[in-house]
Every structure is written in C-alpha cells, then in structure tokens.
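Participant: Sequence and predicted structure below; questions after.
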Amino acid sequence: MGKIILVTGGARSGKSSFAEELVERIGHRIAYIATAQVFDEEMRHRILLHQARRPASWQTFEAPFHAEKALQAAADKADTILFDCLTVYLSNMLCKKTEEQLRDEAACYQEMEDMVQALIEAAQDSESTVIFVTNEVGAGIVPENHLARLFRDLAGLANQRVAAYAAEVYAVFCGIPLRIK
C-alpha cells in the first residue's frame, strides 16, 4: 500500500520547495505530476521556475485532468511521486465549467469528491510514497464572488479529505515546515 504525505501552506510559503526537498530525501526514482496549465505569461513564468528547480532525473507527467491515470503510470516507474498541486488541479476542473454548471454546487462537490477519491485510491494502490502539495486558501477573507467562494470551499474539503488518509501532514509558513500529523 502506498504512503500519502500532504504538504500545505499559503501562496509563496515555501511548500513546493519543502516538498521537493522531502522527495529528494526519501526517494530514489522520482516522478513529478504537474497539474498547471499555461493560460498567461505569469503562469508560464511560475511553471518555468518549478521546472528549473527539478532535477533532470525526475520523470515529469503533465496531468491537468485525470491525474489519477498519471499517478498510476508514475507509480510503475517511481518509488516517490510529487503531485504539485491539488488546488491547481481543482481549479482546472472548475475553470472548464460554464456559469450554469458552476451554479450546480452539488454536482461540483460530487465531482471534487470523485476526483480526490480517485487520487487517494491511485496513491494507496501503488507501492510509492505520494507527496501531495496543496494551498491553504481558507484563512483569508470571504471572497466576494461565487466562483472564488466555491473554489475556497472545495479546496478546504479536498485538503481535509487527503489529510485524513495521509500518514504525515506538514504546514509550511515563511519557508519553515511544521509537522502537524
């Protein structure tokens, strides 16, 4: 059975850097599941920063959708998998929806549950350690628009779900990791 580790924190908290260091410490054959998509120059820049930090020996799997399949494929080749990141993966799902689909919150909640459950099952069915990186988005003010509130709520629930299955959970603040589970 695979081991799940969750690394959470705010924007630019150092969570991805910590997760990269963690995966280097525990892994020999490392896979990286990238969930981000390039929509603008800012995102292109962020992706390039992440790519520049990754060693050439890591095998990268691009998975903005159906990441459980990438996780299964990565587990065949790697003993440690870094999934960066759960909240971007969730935003990919939300951003492909129409306004009408977004108003059906029950369907959005169910799709998130199904997506997260598929990831958890893929991680558990592997023999790998899977480190999920996620953003902690619920500590700020209540967003003014429906999509942002829906994202915040779904991200919080997705994080809780993965944390419940995780053997270890780390919160990163100001570049300093704190083990909370």
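Facilitator: Yep, that arrived. Residues are numbered from 1 along each chain as shown.

Participant: what's downstream of the lowest-mean-pLDDT helix or strand in the chain, the next helix or strand?
Facilitator: Between all helices and strands in the chain, the lowest mean by mean pLDDT, DSSP states H and E belongs to helix 41-53, at a mean of 76. The first helix or strand that comes after helix 41-53 along the chain, using DSSP states H and E, is strand 59-62.

Participant: what residues does that following strand touch?
Facilitator: With Cβ atoms under 8 Å, 6 or more residues apart in numbering as the test, strand 59-62 has contacts from 30-34, 54, 70-71, 73-74, 77-78. The way it works is simple: take the backbone N, C-alpha and C, and place the C-beta from them, glycine included.

Participant: Would you mind identifying the next helix or strand past it?
Facilitator: Downstream of strand 59-62, the first helix or strand assigned by DSSP H and E is helix 67-75.

Participant: just the strands in the protein please.
Facilitator: 3-9, 30-34, 59-62, 80-84, 129-135, 168-173, 176-179 (DSSP state E).

Participant: Now do residue 86 against residue 71, distance only.
Facilitator: Distance, residue 86 to residue 71, using Cβ to Cβ, to the nearest Å: 12 Å.

Participant: Return every residue with contacts to both of the two.
Facilitator: Joint contacts of residue 86 and residue 71 (Cβ under 8 Å, 6+ apart) are residue 119.

Participant: Now do residue 116: how many residues are near it, please.
Facilitator: Using other Cβ atoms under 10 Å as the criterion, residue 116 is surrounded by 23 other residues.

Participant: next one: the one 4 residues further on
Facilitator: One way to gauge burial is a neighbour count; for residue 120, by other Cβ under 10 Å, it gives 21.

Participant: from the contacts of strand 59-62, which has minimum pLDDT?
Facilitator: By pLDDT, residue 54 ranks lowest within the contacts of strand 59-62, coming in at 81.

Participant: list the contacts for that one?
Facilitator: 20, 32, 60.

Participant: related to what we said a few turns ago, out of the strands of the chain, which gets nearest to residue 159?
Facilitator: strand 129-135 (5.2 Å; Cβ to Cβ).
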